[in-house]
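Participant: with the input below, show me the fold.
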Amino acid sequence: MRQAHHPEPGEMSLVAVLGALSDPIRVGLVRVLSDGRERGWGQLRAPVAKSTLSHHLRILRDAGLTRTRQEGTRCFVVLRRHDLDTRFPGLLDAVLETADNDDVGAQVQVTGRG
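Facilitator: The predicted model follows:
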């Protein structure tokens, strides 16, 4: 399998990050991942098809919001909080606080098993 591209912090574009955050499912994924824990893709639950969830995860990865790691046939994802805070100070905190207040992305859940 080919290795996924993860932009370096200096390559992250504000337009790409904001575009990735323009969908409530993707905001929900960021909210779930904001606890700093790496999650298996199988642990993520959203009201979309698996292929659509995979698409949303790719958008987040391509924008630099997440890092994906493959282990055998399983994929894991983690929020790149430090890189985001370094490149765009305060942006992620503002997005998460507003998403929590407005309940954006609440339909995305995480299960205990992957």
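Participant: where does pLDDT dip in the chain?
Facilitator: Counting by pLDDT under 70, the low-confidence segments of the chain come to 1-3, 113-114.
Participant: what's the separation between Leu14 and Phe76?
Facilitator: Taking C-beta to C-beta, to the nearest Å as the measure, Leu14 falls 27 Å from Phe76. The way it works is simple: take the backbone N, C-alpha and C, and place the C-beta from them, glycine included.
Participant: more neighbours: which of those two?
Facilitator: A direct count of neighbours by other C-beta atoms under 10 Å for Leu14 and Phe76 places Phe76 higher, at 17 against 11.
Participant: for that one, list each beta-bridge partner.
Facilitator: Counting by DSSP bridges, Phe76 is bridged to Gly40, Arg69.
Participant: any idea how far it is from Asp100?
Facilitator: Taken as C-beta to C-beta, the span from Phe76 to Asp100 is 24 Å.
Participant: biggest helix in the chain, by residue count?
Facilitator: Ranked by residue count and defined by DSSP state H, the top helix of the chain is helix 50-63.
Participant: contacts for it next, please.
Facilitator: Residues outside helix 50-63 that contact it (C-beta atoms under 8 Å, 6 or more residues apart in numbering) are 4-7, 12-13, 16-17, 19-20, 23, 25-26, 29-30, 41, 44, 46, 48, 66-68, 77.
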